[in-house]
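> My questions are about this predicted structure, shown below with the sequence.
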Amino acid sequence: MRVLVVEDDPDLNRQLHTALVDAGYAVDRAFDGQEGHFLGSTEPYDAVVLDIGLPKMDGLRVLEEWRRGGRRFPVLLLTARDRWSDKVQGFDAGADDYVPKPFHMEEILARLRALVRRAAGHASSELTCGVLRLDTRSGRVAVDGNPVKLTSHEYRLLSYLMHHQGRVVSRTELVEHLYDQDFDRDSNTVEVFVGRIRRKLGVDIIQTVRGLGYVIMPPETAAT
């Protein structure tokens, strides 16, 4: 999952970046409203953490511009403002959630997990596909109750497919959501990761749709 953090405080920006990367996200960062608006308008993020009090362009204006432009990714607002009217203004601008400062980082991570799940149509923090289980809270993967150890990139790829199971996902889409903006992207690495994941899972769950990409579904569904 790929996340954009728009926060002008360098220390808080760094702390958010570190926590999100440690949690398995690919993270891009912006330090003012104009840069954040550009990245959110041009890159396919799974979620955005957006501060309201930004230089160059206010966070609420950034959010309103994104929504007017058809950007539908979930947005978690951060703000030092604690008046109820500020919250209402944020939600009316198109925010999906709202966290006042100061906050605990675990709360940010939990709210982001929930936003990403809901955006993909999932209510539970545990995603299932046949005998495969992926716990978005702990980052654990299991097949028939047996734990499967994945690298961070393998987990990101499997998690993205699990969030969008039943839908064919192209290699290009996977690359765009697996890596941050500065990463040297190569769609051929997706095939390598898929091959590794298949061997580690030991079950026929990830299907290749020739010329289109990959889809994850239970083996009995894929066979029909």
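Received, thanks.

> quick one: low-confidence ranges for the protein?
Residues of the chain that meet the criterion pLDDT under 70 lie in 182-187, 220-224.

> Find the nearest non-adjacent residue to the spatially most central residue of the chain, please.
Central residue check for the chain by C-alpha atoms, centre = their mean: the C-alpha nearest the mean position is that of residue 1, 3.2 Å away. Nearest residue to residue 1, sequence neighbours excluded (C-beta to C-beta, 6 or more residues apart in numbering): residue 46, at 4.4 Å. From N, CA and C alone the C-beta is placed, and that goes for glycine too.

> mind listing the helices for this structure?
In the chain, the helices defined using DSSP state H lie at 10-22, 33-42, 59-68, 84-93, 105-119, 152-163, 171-178, 188-201, 219-223.

> hey, which of these is tucked in deepest?
helix 152-163 (a mean of 21; mean count of other C-beta atoms under 10 Å).

> circling back to that earlier point, format the helices of the chain as CSV; extra columns: distance to residue 139.
Listed next are the helices of the chain as CSV, based on distance: least, C-beta to C-beta, whole Å:
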stretch, distance to residue 139
helix 10-22, 10
helix 33-42, 26
helix 59-68, 29
helix 84-93, 30
helix 105-119, 10
helix 152-163, 6
helix 171-178, 15
helix 188-201, 14
helix 219-223, 24
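
> Can you tell me, leaving aside adjacent residues, what's nearest to residue 21?
Per C-beta to C-beta, 6+ apart, closest to residue 21 is residue 27, 5.6 Å.

> what does residue 212 give?
Per C-beta to C-beta, 6+ apart, closest to residue 212 is residue 168, 5.0 Å.

> Just to check, the one you found is in contact with residue 210?
No - assessed by C-beta atoms under 8 Å, residue 168 is found out of contact with residue 210, at 10.6 Å.

> Pick out whichever of the two has more residues nearby.
residue 168 (14 against 5; other C-beta atoms under 10 Å).

> what's the spacing between the more buried one and residue 174?
Relative to residue 174, residue 168 is positioned 11 Å away (criterion: C-beta to C-beta, to the nearest Å).

> intersection of neighbour lists for those two?
Both residue 168 and residue 174 are contacted by 213-214, under the criterion C-beta atoms under 8 Å, 6 or more residues apart in numbering.

> hmm, back to that, how far away is the residue nearest to residue 1 from residue 2?
Here residue 46 is placed at a distance of 5 Å from residue 2 (C-beta to C-beta).

> between the two, what contacts are shared?
Residues touching both residue 46 and residue 2 (C-beta under 8 Å, 6+ apart) are residue 177.
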